[in-house]
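Q: Return a 3D structure for these sequence lines:
(chains A, B, C, D, E and F)
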There are 4 protein chains.
Amino acid sequence: MDAILEAAARILETEGIAALNTNAVAERAGASIGSLYQYFPGKEALLAALIRRERRELINAIYREQARAPGRDLRSVLDGFIRAALRHQFERPALARSLEYAEAILPIDAETETLKREIVTAVADALRVHGVADPDTAARDLAALTRGMIDAAGLFGETEIASLDQRVRRAVYGYLRIL
Amino acid sequence: MDAILEAAARILETEGIAALNTNAVAERAGASIGSLYQYFPGKEALLAALIRRERRELINAIYREQARAPGRDLRSVLDGFIRAALRHQFERPALARSLEYAEAILPIDAETETLKREIVTAVADALRVHGVADPDTAARDLAALTRGMIDAAGLFGETEIASLDQRVRRAVYGYLRIL
Amino acid sequence: MDAILEAAARILETEGIAALNTNAVAERAGASIGSLYQYFPGKEALLAALIRRERRELINAIYREQARAPGRDLRSVLDGFIRAALRHQFERPALARSLEYAEAILPIDAETETLKREIVTAVADALRVHGVADPDTAARDLAALTRGMIDAAGLFGETEIASLDQRVRRAVYGYLRIL
Amino acid sequence: MDAILEAAARILETEGIAALNTNAVAERAGASIGSLYQYFPGKEALLAALIRRERRELINAIYREQARAPGRDLRSVLDGFIRAALRHQFERPALARSLEYAEAILPIDAETETLKREIVTAVADALRVHGVADPDTAARDLAALTRGMIDAAGLFGETEIASLDQRVRRAVYGYLRIL
DNA sequence: TATGAATGAGGATTCATTCAT
DNA sequence: CATGAATGAATCCTCATTCAT
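A: Purely as a prediction, here's the structure:
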């Protein structure tokens, strides 16, 4: 099951959604199509599972940062969030991009929808604690801006994470007018 | 020919890349598939043409702003660019998103590649004139962050352009540390 | 389109419903699967069309007999109906059997349902004119009994129509207690 | 083993031959597919066993009637046969229909073939004893007509057995010209 | 003897593309 | 130039059957 998900991830990563077909996934996973359908009711469910897997990873990283948040200043907290996002999305930029698109296209089930909201909610909570105005919109904007920048960097072929980290922080701090 | 492109745009907009097939495009355009193939050598070429059409529109808007730039301060110039991007992408957010994704997936021909670079180049030129450091990277970042924010706003269902305009400007100015 | 229907009929006739697959139908019709799907939206629709074709033939024969009915006695009218049923069903007994079963299994659309009823209605009308009690039930019974006998005769390998005709008439007259 | 047969019967009854697949049968029987294959060499054998089970039930009922036949008049004997057929087929009309069809399609083994003949033979014997001409054909016709009427009644949704019993007897007596 | 994961051939359906009219 | 019927490769998915445990 993990092998199948990972195979799907790799195809999405290297060839995009259009090339994601069940036979290719099964073959690359070293399984038969029959097995694929034993674990996933269909192609969409497979994609949904992959989306959830990736989202969950990011959320867990975000939560780990959140756990360290109490008592720290807003910048430190944001730095943590940004680092988590960077590590996650920059690890596999093409995969993140494909899943992002798939999420926008697919009929999203309740669980995936929840996961999606959790990220923004966690950020919004942190902003609220520090007195930021309209924390929900701000969280959404910051997540979007961060994602856009990392995506573009990945597409451009950047490999240096430190520089990108600095630039994202500049945009985030600037948006919030801190410093 | 325009009818065909517009039909493709509408399908992309409402149903996504997966639903974009030549027969559907021809039918919605009120033409026969035969005619579609008279004007476009294939599906990819059709998509590429649509990407170019949309990119060209944005570039023209950017160029119109650029023409007014000499003598104005950086903020005014950036405001123009942001307004152009907003008007363009916020007009048809789902279409923009689909084309964005298609561009990342498709084998891009030279012309489309050039168009893509022109936007960033125009912004970079303006930044360079005003002494911004590493104007190419900055232009890329600003374009990415702007696109990401507008895309997310569209996906979220925002319809008020004024508020979004302000928030994007905040991120852009913040990134550049102006004000 | 006729070729496709006829190919389906022949497969149904010689190999039964289980062997009826779209590829086989297309091949036997000398067409490509693509063409099959141009004319029929799916396998079920193809089967439904075939059912309607066969039913319509029988109904037309029934109607031809009905047209000659006015002024004739009940026996003559029934003889005509029986002859029509025999000629139709005995022509291709295995096909009739398969379609009968398909009709019982498939989700039947309104048109097919109507055709189905028309036969029984025509017989019931004739019975009613001649004062038969509960003409609707009687018509249903007679149709069922006739069909059952012809089906069994076909399955048994009978080829002589005259003897079967006589036996069916005996059952029908007996059911109605005429003679 | 009985559970498996009964599970197959229920699926046949409610969803038809097309929906009868080994996995579904095993699941509904509360067994594993492995077990199914322990008891039956394959799907066809399972179906054949089910056909034999049902046929045997009917034959036993017929034989019970036959045992009471000596010394009784033809009408009483026939009444018994009809009652047996009605009770059996009207109990589960959809199942009977499906098995009937399966029997016509499947490659029938010797045992099933024998069972099939036994019913007609028992009826033919009774007819012969009472001097009916061409008892074999008559038995076949009567069995077919009875089956056809019961099947149609079941399909139509009749639930009242008494009325149907009367009507079948009318057809049977009429066919034999008794009364 | 029971289990059920794994297999993969088979079958339904879609859709990019061609080409005769 | 326009048309749209025809093609068939590609894809999704099902299900009979096997076999290691």
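
Q: Just the closest residue of chain A to chain D, please.
A: Proximity of chain A to chain D (CB to the nearest CB) peaks at residue A:38, 10.9 Å away. The way it works is simple: take the backbone N, C-alpha and C, and place the C-beta from them, glycine included.

Q: same for the helix or strand encompassing that residue, what does it pack against?
A: Take DSSP states H and E as the rule and residue A:38 turns out to sit in helix A:33-39. Contacts defined by 3 or more CB pairs under 8 Å, 6 or more residues apart in numbering or on different chains; DSSP states H and E place helix A:33-39 against helix A:2-15, helix A:22-29.

Q: where's the last one relative to the chain centroid, distance-wise?
A: Read it as helix A:22-29. Helix A:22-29 has its C-alpha centroid displaced from the chain centroid by 24 Å (CA atoms, centre = their mean, to the nearest Å).

Q: Domain boundaries for chain A, per the record?
A: Following the assignment in automatic domain parsing, chain A carries domains at A:1-40, A:51-176.

Q: Ends of the longest one, what's the gap?
A: The first and final residues of domain A:51-176 sit 30 Å from each other (CA to CA, to the nearest Å).

Q: Check the shortest one too.
A: Length of domain A:1-40, first residue to last, CA to CA: 9 Å.

Q: Model confidence for the residue of chain A found nearest DNA strand F, exactly?
A: In chain A, the residue that lies nearest DNA strand F is residue A:21 (3.0 Å; CB to the nearest atom of the strand). In this prediction, residue A:21 carries a pLDDT score of 94.

Q: Can you pull the residues of chain A lying near DNA strand F?
A: Contact residues (CB under 7 Å from any atom of the strand) of chain A with DNA strand F: A:19, A:20, A:21, A:22, A:23, A:33, A:34, A:37, A:41, A:42, A:43, A:44.

Q: quick check: angle from the host helix or strand of residue A:162 to helix B:161-176?
A: When secondary structure is defined using DSSP H and E, the element that contains residue A:162 is helix A:161-176. What separates the directions of helix A:161-176 and helix B:161-176 is an angle of 130 degrees, with axes from the mean of the first three to the mean of the last three CA atoms, to 10 degrees.

Q: So for helix A:161-176, what gets flagged as buried?
A: Using 16 or more other CB atoms under 10 Å in any protein chain shown as the burial criterion, the residues of helix A:161-176 that qualify are A:164, A:165, A:167, A:168, A:169, A:170, A:171, A:172, A:173, A:174, A:175, A:176.

Q: out of these, which one sits closest to chain C?
A: Taking the buried residues of helix A:161-176 together and measuring to chain C by CB to the nearest CB, the closest member is residue A:164, at 49.5 Å.

Q: who touches the closest one in this structure?
A: Residue A:164 makes contacts with A:86, A:90, A:149, A:150, A:153, A:158, as judged by CB atoms under 8 Å, 6 or more residues apart in numbering or on different chains.

Q: what residues are up against the residue lying closest to residue A:93 once chain neighbours are set aside?
A: Spatially, and ignoring its direct neighbours in sequence, residue A:93 is nearest to residue A:154 (2.5 Å; CB to CB, 6 or more residues apart in numbering or on different chains). Neighbouring residues of residue A:154 by CB under 8 Å, 6+ apart: A:89, A:90, A:93, A:94, A:96, A:97.

Q: Please apply the same query to residue A:75.
A: Residue A:75 makes contact with A:173, A:178, A:179, according to CB under 8 Å, 6+ apart.

Q: so how far is residue B:113 from it?
A: Distance of residue A:75 to residue B:113, given as CB to CB, to the nearest Å: 39 Å.

Q: Which strands or helices does the longest helix along chain A pack on?
A: In terms of residue count, the longest helix belonging to chain A (DSSP state H) is helix A:43-67. Taking 3+ CB pairs under 8 Å, 6+ apart as contact, the helices and strands that helix A:43-67 lies on are helix A:2-15, helix A:22-29, helix A:74-91, helix A:93-105, helix A:110-129.

Q: For DNA strand E, find the nearest of the ones you listed.
A: Between DNA strand E and those, the shortest separation by CB to the nearest atom of the strand is 7.7 Å, and it involves helix A:22-29.

Q: Is DNA strand E within reach of that closest one?
A: No. Looking at helix A:22-29 against DNA strand E by CB under 7 Å from any atom of the strand, there are no contacts, and the closest approach is 7.7 Å.

Q: Specify the angle between that helix and helix A:2-15 in degrees.
A: 110 degrees.
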